[in-house]
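Peer 1: below is the sequence, then the predicted model.
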Amino acid sequence: DYKQAFSFLEYHKKDEIADLVYTARDLIHQNASNISALRYQTEHTIHQLAYYDSLTGLPNRTMYVKEVEEKIEQIQDEQKKQLILAVLDLDHFKDINDTAGHSVGDVLLTLVGQRLRDRLPKETLVSRSGEDEFAISTIIEKDKQFAEDIGKDLFKIMEAPFSVMGESYQVRASLGIACFPDDGIDANKLL
């Protein structure tokens, strides 16, 4: 604690020297507080850069794999649950970037991520795992919900066109789905 480290600055006389001592102590305390705040902000920024996509704000592939591994660990002994992983790849996205420009493509990617996050159940993990690729995972009860239903839901979410800068864009997507434990026992194998 910085207060203990600078306790030698306690001074009990009331004169000009005491005023200087108290001013120096206050500056040291203020600087220590500012350094702590700066350290927290720096750590937060590094975490954001390491684990989140800067364009969409969604978790990136690194964070997605980490979260999926945690979900696998959470349900590995539960016979009635399974983890579904879906990878949604936007078809012909390069054409949009080439014809409308990267700024339109960036907005479109952000809107796709936002729509997925808003329309999927809250406990569903949505990430941007590649340039035009989104990875989704959710835990489901076996025999109550099926991977095919999740695939249909994802295609339905993508049906409506996206409006970007006054233009309407119909985005088509390809989808791959894998289930834990049937298709693999770790995140990278499932992906």
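Peer 2: Received, thanks.

Peer 1: the protein: strands as residue ranges?
Peer 2: Taking DSSP state E, the strands of the chain run over residues 81-90, 125-130, 133-141, 162-164, 167-169, 173-180.

Peer 1: give me the number of residues near P161?
Peer 2: P161 has 11 neighbouring residues, counting by other Cβ atoms under 10 Å. Heads up, the C-betas are built off the backbone N, CA and C, glycines and all.

Peer 1: where exactly do the helices run in the chain?
Peer 2: With DSSP state H as the criterion, the chain has helices at 2-5, 16-51, 61-75, 93-100, 102-119, 147-159, 187-190.

Peer 1: for the ones you listed, please prepare JSON lines with the additional fields mean neighbour count, mean pLDDT and distance to I139.
Peer 2: As requested, these are exported to JSON lines (neighbours: other Cβ atoms under 10 Å; pLDDT from 0 to 100; distance: least, Cβ to Cβ, whole Å):
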{"stretch": "helix 2-5", "mean neighbour count": "10", "mean pLDDT": "54", "distance to I139": "45"}
{"stretch": "helix 16-51", "mean neighbour count": "11", "mean pLDDT": "82", "distance to I139": "21"}
{"stretch": "helix 61-75", "mean neighbour count": "16", "mean pLDDT": "95", "distance to I139": "6"}
{"stretch": "helix 93-100", "mean neighbour count": "14", "mean pLDDT": "93", "distance to I139": "29"}
{"stretch": "helix 102-119", "mean neighbour count": "17", "mean pLDDT": "96", "distance to I139": "17"}
{"stretch": "helix 147-159", "mean neighbour count": "15", "mean pLDDT": "91", "distance to I139": "11"}
{"stretch": "helix 187-190", "mean neighbour count": "16", "mean pLDDT": "91", "distance to I139": "13"}
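
Peer 1: sounds good, over and out.
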